[in-house]
Each structure stands twice: as structure tokens, then as C-alpha cells.
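Participant: sequence isn't available, so here's the structure alone:
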């Protein structure tokens, strides 16, 4: 009897424990097990991971802080095991307690775990799924809030608005009022509608439960007021942040912000000297530099910003600011190029200025290449003016200086400053080791000399062995030292006469060599001026380069385009306009100026231009090329900016070909290619130029 009763109880318990059963006993059993086992453990772990993510997050206080900060990818990598354990515990509810009322809570935790993993795609799908199953309104709203947050971080405002509309259809749970306030404020912040975001944030900030969160929200509020130029309101918000007494970093940055608004430089300098702020000195220097910048004291701004570069984790952003300072205010374009290159290297990929920094690095890198080419050609031409005896004296001077430095370095290595310190001195290579190339000084030096005789002095760079590569040499002593170093290791075994001759061979001494260097310099000056105007939009740099081109090379073939670019760049535009019109009355660039000055034509004028073009075309077909050219010139003068302009110019070029004036024919086609790069006739023009080149080889 007892055995039968025990078996019956066991069957009843098994039946009650079935996760497919909807009986009250079974549901109650699975509810209790889900809530106080897997859900309880997963919830504790989620709170722990969320707090840890908040504590480990490094805020960039010099930028506007986001109201809702995204999870760093580095956090997901360093806490991968804990996050996987969180998801595993929540998954147990779905696997073992399907009839409990905590299944949707488990999915919510899984979605939040996916967020911590930075797996946004699966997180989105999880939060969407919660709204397709039976749920309670509180869990549904939590999932919708998480869903909208992801969309906002992705700047998908249309999808986020759909979620907001869905939330608005149901009463808001009181526990979610604060989250929705912050979410709406974040939406306006992302859209740069700060005047709409501020009232919501002013309402939400005092409601935050944790002191650290309140302090952060008040700091963001101060930043918003400051961006809008509301200094008094910004100071009040920063003072509220100070009252929260949260983290030292946040408190210090609020204090820096208040002193910066008051332009209290002595107080900021006092903060720099405080030993507690040693790790944050760079941020204080940034604030001091910003005050000087606002007061247009750019040299002091530069000095403080450069001081702020030491031990600064946000050096990429600092370099970006320095690049802007050097390019816009100080007009020191070489330094600007260097700082933009550094900014692109150090800025993190998620930074708001990352893409712009990459673009500026490319743009200013091309400037640096052109500027370096001009500098190199200048140096080579200056060296070419010196006599051989002067060059040998320069070489010997550099050699002596280099040897003295090497002797000094060797002395430092061999002198033992402290008897307790061990000095390691490389032993001479054994006869067996001499067979290895890099141990054999004689073989290594000979190899360098053979390379130099074959290729000349080459800089260490990609594609160094191109046939048209010009050997590099510089006039200044430091650059010349680098060139000599490549041909002579200063070893006592190296024959200095050979390395001297190799270096002398790189210097343009004959008229032909100097003419080649001048051609390269002429092209580089023009390219730099054009690039400065079109790509960098730096009128002063364009004018400087192009005026130097016209001064040094008055017969340059690029004069017409240079005058046109100077017309666009210089304050003396009328002078350059007149020069262009007088010297090149039939040039494309004159037409371009007329188009700019008179704008587009009326419909009636366009019809007139079409009829006259047809007349010129008839002259071309009848082989009356001279009349066609005259008619084309008249059309270009009478109807500047016409829709038929590219066809008229092409017809004129073809007419020169018909007259067998091939030099003018080629020139007109090349100018067409420059003036009308988007014309549908470009493929035909390129084909004609290619055919002309092949026929004249």
C-alpha cells in the first residue's frame, strides 16, 4: 500500500512539473522555479555587469557627452564569459519553464545581454520578438525602450519614431517615466535640437536615483547650455553637478568648466599644479588654450594645447584641434598637415570627427607631398649652383659631425657610470660569423655602394625602384646627413670617396639636369596652387603658389589656368581677369569667367545659340574650317555659359585638326578635358588624344 501511494505521489509531481501543463499547480511550480532560480541569478548578474560597464566607461569630457552612452566594444571583449553566463541563465527559463509568466522577462535579459555583447542585430530581433508573444505591459515597454535606444544610436530616427508611436498607444508604466524622459531628451540631442532637449533633461536630472547619474546629467545640461551660448544657465548646471559629489573626474571637469566660463586662468593654472590632477593636466591645458583661442591669442592657445598633448588619452582630438588652429588661424600649413595626420592616427573609429579626420589626412597629405616636392627641387637647384670644392667641403663637414656624434654615443655605451651597473658590449664577429652578410661590415658597405651606383640615393618608401624615380637630396645640412648616411655607414672600412661621388651624382650640375628639375618644380607649383584652391579652399596658399609660378616661370604653359585660379582666389581679381582677357582672348578660362559673371542664358538665347551652332557645324561639314573657328569664337563670346558650349569648343578643336594645325589641335583637346570633365563628349576626346599620341610616337 505504501509503495502504491509513493508511486502515485511521484506520478502527480511529474505531471505537475510538466512545462506544457496549464494547470495551476504546474504553472505555480514553474513560476517559482523560474523567478527564484534562473531569473534571480540572471538579474543579479545583469545589474552587476551594467554597473561595471558604467564604472569602466571612459568619458570624453571635452566633447558633448551623450545622454544615453553606448556600451564600449572593449567591455564586451573583456567580459565575454560573464555575459555568456548571463545569457545562459536566462535561456534556462525558456528551455525548462515555458509555461511560466517569466519567459518574456528571460527574453528581455537575453536582449540586454546581446547589447552588452554589442550584438545589435540579435538584440533588435530579441526585443521585437518580445512584442509578438504574450507579455505583461511593463516588460513590453522595457523592450520597446531598449529597441528605440538602439535605433537612436544607429541614427535610425524613422524606426525610433515608430517605436515611440507604439509606446504612446498604451499607458506609460510609472517605473518607465524617467527612462522615457531621457530617451526623448536623447532623441532631440542626437538631432541637435538642444533647445527641445534641455527642458526634458532639466526635468529628468533631479529624478535620477543614483548620485553619479544625477551628476552626469547635470554636467550634460551644462554642456548644452554652453553650446547655445547660455553661460549663466551653464554655470548653474555645472554647480548642481558639483553638489552631487560624484566621481572625482566628473567633479573636476565641472570645476574646470566653471572656471573656463569665468575665464579664470590663474585658478586653472593652480589646478594644473595640484598633484591630485597630474593625470588630468592635459584637460586643464585644453581649457586654458580654449580661453586664449576665444580671445584670439593664438600663440598662447597653441602653447597650452601642445602642453595638453602630454599623457593625454584624447590626443587624437587635441591634434585635430591643433590642425584646425594651424590651418585656419596661424596659416602654418606644414604643421597643419602633420597634426591632421596624427589626428587621423589617434582618433578612435567611433569618434564623431573620425571620418572628417581621415579625409583631412588625405587632403593635407597631398599638400605635404606637393610642398615637399617643391622644397626638394629648390634644395637640389641651390646645391647645383655650388662648386665641386664647396660640395666636398660640405660633405666633409657633415662626415666629421656625424663621426663626432657616433663617437659620443660609443663613449656613453662604454663608460660605466656606476660600478653596480652591467654594461653589455657586442663582441667582434668570429671568422665563422663573417660569412653572415649583416655581421660582415666590409660586405655590407660594399653592398650599399653597389646599390647606390645602380639606383642612386633612394628614400625608404614604397615603389622606390620605379624607373622615373628621382634620387632625393636636400640642401639643408640635416637632410644631407640623411642622404650621406644611406651611402656611407661611417665605418672605418668604408671608402668615403665612393660615397662622396654617389652623392655628387645626385646633384643637378649640367644645364639639362637643371632644366629637368625646373620642369618638375614648375609643375609642382602649379599643382599645389590648383590643389590649394579647389581641394583645400585656401585662397592665400593658392595665391602664394601661383604668383610664385608666374614670377619664376613667366613662359609657363599653365599661365591661362593660373590666371583663372588667381581670379578666383586673389583680392586683385580684376587685375588677373584683365591679364587673362588680354593674353588669352579665346581661352576656355575666359569663357568660364564670363559664365560666372553673367550666369545662365534665357530660353530665347539658348535657341539662338543652338541655331548658330548648327551654322558652325554646317561650315565644319563643308570643310570650311577657318570660318567654323571664327563662328565658334563668336558664339563663345556672345553666349557664355550656353548648354551648347562644350559642343562648340569641341567643334573648334576638330576644326584645328582639319587645318592640320596639330599642336593647336592637341592643346584644344587637352584644355577641353580640363574645362568640361563631366561632358558626355569626354570619352570621344580621350580617344582622339590617345590616337593622336600613338600616331606621333
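Facilitator: Perfect, thanks for sending it. Keep in mind that what you see is a predicted model, and the values were worked out from it rather than measured. Numbers count the residues shown, from 1 in each chain.

Participant: and the helices in the stretch 201-350 of the chain?
Facilitator: 211-227, 231-244, 248-261, 265-273, 281-294, 298-307, 315-324, 333-346 (DSSP state H, counting those that start in this stretch).

Participant: other SSEs contacting the fifth one?
Facilitator: Pointing back at helix 281-294 there. With contacts defined as 3 or more Cβ pairs under 8 Å, 6 or more residues apart in numbering; DSSP states H and E, helix 281-294 has these neighbours: helix 248-261, helix 265-273, helix 298-307, helix 315-324. All C-beta atoms are positioned from the backbone trio N, CA, C, and that covers glycine.

Participant: looking at those, which is nearest to residue 352?
Facilitator: helix 315-324 (9.6 Å; Cβ to Cβ).

Participant: what's that closest one in contact with?
Facilitator: Outside helix 315-324, the residues within contact range by Cβ atoms under 8 Å, 6 or more residues apart in numbering are 60, 62-63, 282, 286, 302, 305-306, 308-309, 312, 335-336, 339-340, 342-348, 351, 353, 357, 360, 364.

Participant: show the buried residues in those.
Facilitator: 62, 282, 286, 302, 305, 308-309, 312, 335-336, 339-340, 342-344, 346-347, 351, 353, 357, 360, 364 (16 or more other Cβ atoms under 10 Å).

Participant: low-confidence ranges in the protein?
Facilitator: Along the chain, segments meeting pLDDT under 70 span 1-38, 93-102, 134-135, 309-314, 409-446, 448-498, 599-600, 697.

Participant: try it again at 50.
Facilitator: Flagging of the chain using pLDDT under 50 yields the residue ranges 1, 5, 7-15, 416-426, 432-433, 462-463, 466-495.

Participant: contacts only, for residue 108.
Facilitator: Under the criterion of Cβ under 8 Å, 6+ apart, the neighbours of residue 108 are 127, 130, 139, 142-143, 146.

Participant: would you list the helices of the stretch 201-350 of the chain in TSV and tack on distance to residue 657?
Facilitator: Shown next, in TSV, are the helices of the stretch 201-350 of the chain (distance: least, Cβ to Cβ, whole Å):
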stretch	distance to residue 657
helix 211-227	61
helix 231-244	69
helix 248-261	68
helix 265-273	71
helix 281-294	58
helix 298-307	56
helix 315-324	49
helix 333-346	43
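
Participant: residue 383: which of those helices is closest?
Facilitator: That would be helix 333-346 among those, by Cβ to Cβ, at 21.5 Å.

Participant: excluding covalently adjacent residues, which one is nearest to residue 344?
Facilitator: Distances taken as Cβ to Cβ, 6 or more residues apart in numbering place residue 361 nearest to residue 344, at 3.7 Å, with adjacent residues excluded.

Participant: with residue 52 instead?
Facilitator: Closest residue to residue 52 apart from its sequence neighbours, by Cβ to Cβ, 6+ apart: residue 79 at 7.1 Å.

Participant: backbone dihedrals for the one you found, please?
Facilitator: phi -120, psi 30 (degrees, to the nearest 10).

Participant: that one - how many residues pack around it?
Facilitator: 19 (other Cβ atoms under 10 Å).

Participant: with the one 10 residues further on instead?
Facilitator: Residues contacting residue 89 under the criterion other Cβ under 10 Å number 23.

Participant: shouldn't it be in contact with residue 43?
Facilitator: No - contact criterion Cβ atoms under 8 Å: residue 89 and residue 43 do not qualify, at 9.1 Å.

Participant: which stretches in the stretch 101-250 of the chain count as strands?
Facilitator: Under the criterion DSSP state E, counting those that start in this stretch, the stretch 101-250 of the chain carries no strands.

Participant: ok, now which ones touch the residue nearest to residue 344?
Facilitator: For residue 361, the contacting residues are 340-341, 343-344, by Cβ under 8 Å, 6+ apart.

Participant: now residue 533: closest residue in space, sequence neighbours ignored.
Facilitator: residue 542 (3.9 Å).

Participant: so which elements touch the helix or strand encompassing the one you found?
Facilitator: For residue 542, the element it lies in under DSSP states H and E is helix 539-552. Judged by 3+ Cβ pairs under 8 Å, 6+ apart, helix 539-552 is in contact with helix 511-534, helix 559-569.

Participant: ok, residue 639 - contacts?
Facilitator: Contacts of residue 639 (Cβ under 8 Å, 6+ apart): 601, 605-606, 608-609, 612, 645.

Participant: thanks again, I'm all set now.
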